[in-house]
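> structure for this input, please:
(chains A, B and C)
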Amino acid sequence: MTSTLQPADSNPPAPHHPAVELQHVVRRFGAVEALAGVSLNVRRGELFSILGPSGCGKTTLLRIIAGLDLPDSGGLRIGGVESLRLPAWKRPVNTVFQSYALFPHLSVSENVAFGLRMKRLSSHDIVRRTVAVMDLTQITQLAGRHPHELSGGQRQRVALARAIVNEPDVLLLDEPLGALDAKLRKELQRELRQLQQRLGTTFIHVTHDQDEAFAISDRVALMHAGRVEQLGTPEELYERPKNRFVAEFIGAGNFFAGKFVSRTGSVLETETPLGHLRIELTQAAIELAEREQLHIGIRPERISLEGGSAGDNRLLGQVEAVVSNGPESHIQVRVGQTLLRVVELNTGRRSVGLFVGDSVEVALPPANLFLMEA
Amino acid sequence: MNRRLPLAGFASVLVFLFLYAPLAVVIVYSFNAARYGVEWRGFTVDWYVRLLDNQQATAAAVNTLQLACTSTFFATLLGTALAYGMSRYNFPGKALFQHVLHVPVFIPDIVMAVALLLFFAVVRKFLAGFELGMTTMTLAHITLQIPFIAIVVRARMEDCDPQLEEAAADLGAGPWLTFRHVTFPLMMPGIVAGGLLAFTLSLDDFVVSFFTSGPASTTLPILIFSSVKRGLTPDIHALASLIVLVSALTVVTVAWLRGRTEVKT
Amino acid sequence: MAESTGATTRQRRRRLRRTVHFGEPLPPGAHTFRASWLCGPSVLWMTLFLLLPLGFVIAMSFAQRGDAGEIEWRFTWENYARLLGHGALGFDPVQPVILLRSLVVGLITAVFCLMLGLPVAFFIAGLPRRWKGAALTLVVIPFWTNLLIRTYGWQLLLAPEGVVAKLFTAAGLLRAGEALYPGWPAVMLAMVCDYLPFMVLPLYASVEKLDWSLTEAAADLGAGPLRNFWHAVLPQIRPGIIAGAILVFLPATGQFIIPDLLGGAKVALLGSAVQQQFGASRDWPLGSAIAVTALGVMFLGAWLHTRVTRGHKEVGLP
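A predicted model of the protein is given here:
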């Protein structure tokens, strides 16, 4: 059946261009800058997530790519083609709207076939492709129903089918799973990812849910107040957050200030409230290390309370609280004046549990410490 | 809630009886065999049959229908375009015009009627034409109807998700295709409802018609008025009942249309 | 756009200062252009056949009437002076009385409509969901049927051999062979019956939103039904009451069919007076002055109405 749904290379836009390029896009609503100069490239065939708290401008960005809004300044290329002046209906882009925006006066199959009818395809092709996509998204049995007769998850599938049946170069998804309950979300996340890999289409996916973005994305742009704070793979965002906002938005962390002492190659020596710490720098972080004031962080699960190995920063601390939720324990350890949050997997290795008041040796592996811009 | 207010139900029934009493009595008397007076003399449908022979009534009925159909047609065209334009585009003075639209809804019919009477008199003085008759009545009725249609259609449009039109554009439909395949079908129930209401408005209007009609353009309400003044013949009871029936059916249809096509999400 | 020079920024801004309209980038002028051919005809129409005629009425209200009923375009306040009772032979109460009477009739109608409308509004609000629409339709059907016919129906009911008159005769309140009209009671009865739907709809809209927990709290605190209604219910439905009262009051003052058919000459209202001056009396300037007064009352009421219902969903008909 996938003969009609070949990966996008059946109709390849010039392959050396990124799927979508945004250059210094600014969009103001009155005095508010919804987008304060956003530049980013979305690679062909990737699942790209735009992640951020509500009001950060991520939906505006999506609407600009779709042609439903215009920036005050900036540039947009889709598949290498300057697209700002192109009306929405001429862009090789389709959208899955947050509210789904299914046509209430049309049945499910008519909704799915809408885009093909607008392109004046032959009725044979329309039927063939509609049937194929409805099969792919498992909504064949809903063909005759109207949107108000569908559940939230079913509507989501119809909205998705209605968009992908057009075989767009880029598919835009605006909080596609936002209105669904947690269990269904998980299930549909997986399906979305599988679908994307099967079609090979570029997906740009907007969400405020970090778990969702990380579960399905190749790369993530984290937005805040109209700016892209950091762009990278989920691992990069997690392991090497650029700043405190990114670090806190994505997972928990321990943050503290530090003073530069010395640097030898990629090894940085610092003085912090915890004491003297050695940090193993990544290539990108080396320039940050030259600053007077350092912002240092470490993820709770990267701190070891089981001694650690040679070369680790070892500190002495005292357990202040232990909360276990079954699979993992959340432990607070005081080192000097600083309270460190530590997460430990309950692997069963620890023979004697930790108790409040216990003295422990805290190990901070140098490679797990990271530097941030601010 | 009604358990808390047991009297409300009983009182409401009485109020409904009160509301419908004058309509009911006309309908009941249209089946009364008595030729004169209001004494009950037995059941008959004779008056409905005789109505067909009443040339005045048939002429008035033709006038009324012609007037209602013509004015509703033009008012629906104008009012729908107005509603669409106002809900989709901005133009200078839009807010002010919105208030103007409510004027015919609020002002007493009589003021509207004499204003048009005066207007036609002045225009007649300076230009030829505009003799009182079907034309002036049609112009007057269209003026009455445009706001009703525009308000009903616009309310319908405001109920629809504007994102639907964006979705259509996103799916490759240009402005015309979007209008034809999405906007218009969604507006349609509003247009039908507005048109039906405008039709009844014209059908029932007496005051404005009375002042803008000429000798040869008697409508049913004008005929009924002069009959009431002279003393009613029973066939006019039958006529009145039919008019009531048409109006009631129209309103029920509109309500049904609205209930059925309520924007479901 | 730090790297742009001032000129290019301005250029770019001018180029982009178009708005997207359902996927279509529109230059600034396009909005007005499209609006003009969609709304233009109606705007022209309403200007020509509504605003201009109303302007004529206002102009006419300052004109003079010649001896033979012809109109002389000489500015005068005389018509308004006559409305206030200024006559050739000193104080002439005819017009002021009509004005005052209209206001009183409008007010009484509104009060009675409120009293009858309240139970209906509560009743409908308490119905199961699917019956509400039907009940509301039942309320508006009479409104959309011909007013003449309904008024004539009251003539039938109140006629000497009519049902109501017979009841009254049997009760000894009326001599046999007499009708209950023309007169005040008949006019009021028909008025209340006619304008009741205008009251019920906004009342219902308010009652529907009523927060019943407040009345429970009030009952809990020992308020009797009356005090409960006064302190817990009434303040909540006040917008509906005011909106309904205005919607009833306004058209009631301008009514002329009901006074004409059921009231006789003694119950003339503003509407009747306009008709009289434009009809039999052929005093168009005075008639225009009365019409302008009615318009003034209407605008005042409409202004109040928008103030009261601001933020509430407009209560449409039906």
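> show me what the host helix or strand of residue A:228 packs onto, helices and strands only.
Applying DSSP states H and E as the criterion places residue A:228 in strand A:227-232. Judged by 3 or more Cβ pairs under 8 Å, 6 or more residues apart in numbering or on different chains; DSSP states H and E, the packing partners of strand A:227-232 are strand A:32-42, strand A:219-224, helix A:244-249. Heads up, the C-betas are built off the backbone N, CA and C, glycines and all.
> which of these is buried the deepest?
Comparing these by mean neighbour count (mean count of other Cβ atoms under 10 Å in any protein chain shown), strand A:219-224 comes out on top with a mean of 24.
> coming back round to it: the helices and strands packed on strand A:227-232: which one's closest to chain C?
strand A:32-42 (7.1 Å; Cβ to the nearest Cβ).
> tell me the angle of that closest one relative to strand A:219-224?
170 degrees (axes from the mean of the first three to the mean of the last three Cα atoms, to 10 degrees).
> what lies in contact with strand A:32-42?
With Cβ atoms under 8 Å, 6 or more residues apart in numbering or on different chains as the test, strand A:32-42 has contacts from A:18-28, A:48, A:57, A:60-61, A:64, A:71, A:74, A:170, A:202, A:204, A:221, A:223, A:225-228, A:231, C:1.
> dump the residue contacts of the residue of the stretch 251-374 of chain A found nearest chain B.
Proximity of the stretch 251-374 of chain A to chain B (Cβ to the nearest Cβ) peaks at residue A:251, 33.6 Å away. The contact partners of residue A:251, taken as Cβ under 8 Å, 6+ apart, are A:210, A:238, A:299.
> out of those, which is nearest to residue B:92?
residue A:210 (47.2 Å; Cβ to Cβ).
> in the stretch 101-250 of chain A, what residue spans correspond to helices?
A:108-118, A:123-136, A:152-164, A:182-199, A:210-216, A:234-239, A:244-249 (DSSP state H, counting those that start in this stretch).
> give me the buried positions along the second one.
If I follow you right, that is helix A:123-136. A:126, A:128, A:129, A:130, A:131, A:132, A:133, A:134, A:136 (16 or more other Cβ atoms under 10 Å in any protein chain shown).
> the longest one now?
Counting neighbours by 16+ other Cβ under 10 Å, one finds that the buried residues in helix A:182-199 are A:185, A:188, A:189, A:191, A:192, A:193, A:195, A:196, A:199.
> still on that earlier bit, pull out the buried members of the contacts of residue A:251.
For the contacts of residue A:251, buried by 16+ other Cβ under 10 Å: A:210, A:238, A:299.
> out of those residues, who's near chain B?
Among the buried ones among the contacts of residue A:251, no residue sits close to chain B (Cβ under 8 Å from any Cβ of the partner chain).
> dump the residue contacts of residue C:215.
C:228, C:232, C:233.
> number of nearby residues for the first one?
The one in question is residue C:228. Using other Cβ atoms under 10 Å in any protein chain shown, residue C:228 has 19 neighbouring residues.
> and the buried residues of helix A:123-136, which is closest to residue A:264?
residue A:136 (56.3 Å).
> wait, that closest one touches residue A:195, no?
Yes - counting by Cβ atoms under 8 Å, residue A:136 touches residue A:195, with 7.4 Å between them.
> residues contacting the residue positioned nearest the centre of chain A?
What sits nearest the mean C-alpha location of chain A, by Cα atoms, centre = their mean, is residue A:213, with 3.4 Å. Applying Cβ under 8 Å, 6+ apart to residue A:213 gives the contacts A:49, A:51, A:205, A:207, A:220, A:234.
> in contact with the residue in the stretch 151-300 of chain A that chain C sits nearest to, which residues?
Here the stretch 151-300 of chain A gets closest to chain C at one residue, residue A:172, 13.0 Å apart by Cβ to the nearest Cβ. Residue A:172 makes contact with A:62, A:65, A:66, A:93, A:94, A:95, A:96, A:203, A:204, A:205, A:206 under the criterion Cβ under 8 Å, 6+ apart.
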